[in-house]
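Asker: Have a look; sequence and predicted model below, questions after that.
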Amino acid sequence: MTRIAFFDLLEARPLRLHILHTNDVHSAFSNYAKVAYRLKRLREQWLTHREPVLVFDLGDHADLSNPLSLATSGRVNADLIGALPYDGFVLGNNETVTIDQHVWPDLIKRTHTPLYCSNLYIPGADHSLTGSYIYPLGELRLGVFGVTVRYEKLFNNLRLCADDPVETAWQVAQDLREKGAHIVILLSHLGLFMDKILARDGLPVDLIISSHTHQFLENGVRIGDTLIAQAGKHARALGHVQLEVSSSQRIEQAEAELLYVSEEDAMDEVVLKVVRQAEERAAVWLDAPIATVTPPLVHLARGESEIVNLLCDQMRAEFHVDVALINGGIITADLKPGIILRRDLLHVCATPMRVITMRMTGALLWKLISEGLRPELFDKHGYGFGFRGDTIGRIHLSGAVVTTAGDEGGSHAAAARTVTSIIVGGEPLELDRTYAVATGEYIALSPDIAVPKDAEFYYQETMLRDLLRRGLENPQRIEGARKHRYLGRNGKP
């Protein structure tokens, strides 16, 4: 189970145990090569001094906004985990909700590493390699298990099977204690907020290695007898926890630190080789043509974007709704004239967001569209819920025409505009009527947006990037996307 062969031969007491951890790499391969170089050398150094080392990855290693991860369905990430001396890993939400679950068993197999996701069911996987494990370190018995975040509605719609991670954490931690584990470590992809709650409620673990929320915890966070460690994001730092364990198998001292990488750091040659091989395999898929565009499709970061309009039009057509809404910040660049390749599509639309359908009153639609024209909203930096752009961007729409008033024109507005009328399906918007709406996860879920968070909505399997690709295959839809949906009182953009 473990790659450290001499744990059962350890005699020195007190025992000094090192734990190295990575989390939320998000396919930042250059930084990861530097982390890998340092990780291997630190591990070798400590093992030479007969100080045991455990190495874990906490999930979101993959990010399908990276061309290699997308083209290989995360296999390049699995190969990288397999190339390093990891003792266990956890699947994060980027693996569970953006990579087809039928690929998961192959990913696990390629890592050659135990998966610790006690609350996640993996179809077709060898479950002797998942869940929890007690490492025998001489006389010390060290229990390790993991849980990953469950988005209930999304998991249900994608037919992903997972138990409640909090209930699972309590059950497995207590079970490991009952089986004789002196020390218990939780590998958590729940986020720091939830990890703090677990610690405050007295979850019977000694160490929580955290992830998901991208905090750089310089020296960890102590809550009661539990230490929480987390190493930020994008492989900018390697996490290190050192435990001093007495001869009575109790933790005498626990310290956490972050070891940051720099521009000058050496890169691990094995990691670089895995990435190069993936690039060769992925090139054919990424360079496949998907459409031809002429003239260019323009994207305006603060105005009305033809590309976002195209995405909205395709969404409304496929899901047969009254209105489709998307925040413009999910698109990051123009599409230049000529042949569009798969890699070009990923460049302008890196988000792994899926479509959400819901019903919405005319009053809420009016409020949402009005707020989407405020610079303090659309100039705000977007974060979370699959967002992969810079600023949130203006609300774009299909199925409606909005008339505004203000100091400047509609498509290049730099100041707040006031909505004076909204036409939906050729008729004035009715405030008390309910409309069928399709949108993306950011609008439906982000606290920055006015949609009530208790609203009933339905996840769809379709990703926004796939919608855009199909829209680009339709010349008539491209032409329609050039028509403005926001007009001034004079009827002009």
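Answerer: Great, that's in hand. Residues are numbered from 1 along each chain as shown.

Asker: can you give me the strands in the stretch 251-400 of the chain?
Answerer: Along the stretch 251-400 of the chain, counting by DSSP state E, counting those that start in this stretch, strands occupy 251-260, 289-293, 323-327, 338-341, 354-361, 395-398, 400-405.

Asker: As a markdown table, these with mean pLDDT and distance to residue 418 would be great.
Answerer: (Glycine included, C-beta is placed from N, CA and C.) A markdown table is the format used below for the strands of the stretch 251-400 of the chain (pLDDT from 0 to 100; distance: least, Cβ to Cβ, whole Å):
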| stretch | mean pLDDT | distance to residue 418 |
| --- | --- | --- |
| strand 251-260 | 96 | 48 |
| strand 289-293 | 91 | 34 |
| strand 323-327 | 95 | 19 |
| strand 338-341 | 93 | 37 |
| strand 354-361 | 93 | 20 |
| strand 395-398 | 94 | 15 |
| strand 400-405 | 92 | 5 |
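
Asker: Would you reformat these as TSV and include distance to residue 199 and mean neighbour count?
Answerer: Formatted as TSV, those follow (distance: least, Cβ to Cβ, whole Å; neighbours: other Cβ atoms under 10 Å):
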stretch	distance to residue 199	mean neighbour count
strand 251-260	13	16
strand 289-293	48	16
strand 323-327	35	27
strand 338-341	48	15
strand 354-361	32	20
strand 395-398	39	26
strand 400-405	48	19
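
Asker: for these, which one sits closest to residue 144?
Answerer: strand 251-260 (14.7 Å; Cβ to Cβ).

Asker: Show me the residue at the heart of this structure, geometrically.
Answerer: Centroid-nearest residue in the chain, with Cα atoms, centre = their mean: residue 94, separated by 4.2 Å.

Asker: in a strand, that's where that one is, yeah?
Answerer: No. Judged by DSSP: H, G, I helix; E, B strand; the rest coil, residue 94 forms no part of a strand; its state is helix.

Asker: can you tell me which residues contact the residue lying closest to it once chain neighbours are set aside?
Answerer: Sequence neighbours aside, residue 60 is the residue nearest to residue 94 in space, at 4.4 Å (criterion: Cβ to Cβ, 6 or more residues apart in numbering). For residue 60, the contact set (Cβ atoms under 8 Å, 6 or more residues apart in numbering) comprises 23-26, 92-95, 189, 211-212.

Asker: Residue 139 against residue 249, yeah?
Answerer: Yes. Using Cβ atoms under 8 Å, residue 139 is in contact with residue 249, at 6.7 Å.

Asker: Those two: which has the busier surroundings?
Answerer: Shown here are residue 139 and residue 249; by other Cβ atoms under 10 Å, residue 249 has more neighbours (18 against 15).

Asker: any idea which element the more buried one lies in?
Answerer: With secondary structure defined by DSSP states H and E, residue 249 is part of neither a helix nor a strand.

Asker: residue ranges of the helices in the stretch 201-350 of the chain, please?
Answerer: With helices called from DSSP state H, counting those that start in this stretch, the stretch 201-350 of the chain shows them at 269-286, 306-319, 342-348.

Asker: Please work out the angle formed by the directions of the second one and strand 323-327.
Answerer: Read it as helix 306-319. Orientation of helix 306-319 against strand 323-327 (axes from the mean of the first three to the mean of the last three Cα atoms, to 10 degrees) gives an angle of 140 degrees.

Asker: Report all helices and strands that helix 306-319 contacts.
Answerer: If you count contacts as 3 or more Cβ pairs under 8 Å, 6 or more residues apart in numbering; DSSP states H and E, helix 306-319 packs onto strand 323-327, strand 354-361, strand 395-398, strand 434-440, helix 464-472, helix 475-481.

Asker: Of all those, which one is nearest residue 34?
Answerer: helix 464-472 (29.7 Å).

Asker: could you dump the helices and strands packed on helix 306-319 to a markdown table with distance to residue 405?
Answerer: Below are the helices and strands packed on helix 306-319 laid out as a markdown table (distance: least, Cβ to Cβ, whole Å):
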| stretch | distance to residue 405 |
| --- | --- |
| strand 323-327 | 21 |
| strand 354-361 | 23 |
| strand 395-398 | 17 |
| strand 434-440 | 23 |
| helix 464-472 | 31 |
| helix 475-481 | 25 |
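
Asker: of these, which approaches residue 264 most closely?
Answerer: Using Cβ to Cβ, the helices and strands packed on helix 306-319 put helix 464-472 closest to residue 264, at 36.1 Å.

Asker: Flag the shaky bits of this structure, pLDDT-wise.
Answerer: 1-13, 125-130, 407-416, 453 (pLDDT under 70).

Asker: Isn't the residue nearest to the centre of the chain up against residue 62?
Answerer: Yes. Between residue 94 and residue 62 there is a contact under Cβ under 8 Å: 5.5 Å.

Asker: Could you tell me which residues touch both of the two?
Answerer: residue 26.

Asker: how many other residues sit next to residue 164?
Answerer: Around residue 164 there are 13 residues (other Cβ under 10 Å).

Asker: Domain-wise, how is this structure divided?
Answerer: 7-281, 289-487 (automatic domain parsing).

Asker: hmm, back to that, highest neighbour count among the contacts of residue 60?
Answerer: Counting by other Cβ under 10 Å, top hit in the contacts of residue 60: residue 211 with 35 neighbours.

Asker: List the residues that contact it.
Answerer: Applying Cβ under 8 Å, 6+ apart to residue 211 gives the contacts 23-24, 58-60, 90, 92, 188-189, 191, 230.

Asker: just residue 176 next, same as before
Answerer: Contacts of residue 176 (Cβ under 8 Å, 6+ apart): 132, 134, 143, 145, 184.

Asker: Grab the longest helix from this protein for me.
Answerer: Identified as the longest helix of the chain according to DSSP state H is helix 29-48.

Asker: still on that earlier bit, what's the most buried one of the helices of the stretch 201-350 of the chain?
Answerer: Ranked by average neighbour count under the criterion mean count of other Cβ atoms under 10 Å, those are headed by helix 306-319 at a mean of 25.

Asker: Report the distance from it to the chain centre.
Answerer: Counting by Cα atoms, centre = their mean, to the nearest Å, helix 306-319 is centred 24 Å from the centre of its parent chain.

Asker: Format the CA atom coordinates belonging to that helix as PDB.
Answerer: Taking Å, rounded to 0.1, in the frame of the first residue of the first chain, the C-alpha atoms of helix 306-319 are listed here in PDB:
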ATOM      1  CA  GLU A 306     -20.600  38.800 -30.600                       C
ATOM      2  CA  ILE A 307     -19.100  35.600 -29.300                       C
ATOM      3  CA  VAL A 308     -21.200  35.700 -26.100                       C
ATOM      4  CA  ASN A 309     -24.300  36.500 -28.100                       C
ATOM      5  CA  LEU A 310     -23.600  33.400 -30.300                       C
ATOM      6  CA  LEU A 311     -23.300  31.300 -27.100                       C
ATOM      7  CA  CYS A 312     -26.600  32.700 -25.800                       C
ATOM      8  CA  ASP A 313     -28.400  32.100 -29.100                       C
ATOM      9  CA  GLN A 314     -27.200  28.500 -29.300                       C
ATOM     10  CA  MET A 315     -28.200  27.900 -25.700                       C
ATOM     11  CA  ARG A 316     -31.700  29.300 -26.200                       C
ATOM     12  CA  ALA A 317     -32.200  27.200 -29.300                       C
ATOM     13  CA  GLU A 318     -31.000  23.900 -27.800                       C
ATOM     14  CA  PHE A 319     -32.900  24.200 -24.500                       C
END
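
Asker: count of neighbours near residue 175?
Answerer: 16.

Asker: element containing it?
Answerer: With DSSP H and E as criterion, residue 175 is part of helix 165-178.

Asker: buried stuff in that helix?
Answerer: 165-166, 168-170, 172-173, 175-176 (16 or more other Cβ atoms under 10 Å).

Asker: ditto for stretch 138-148
Answerer: So, applying 16+ other Cβ under 10 Å, buried residues of stretch 138-148: 138, 140-148.
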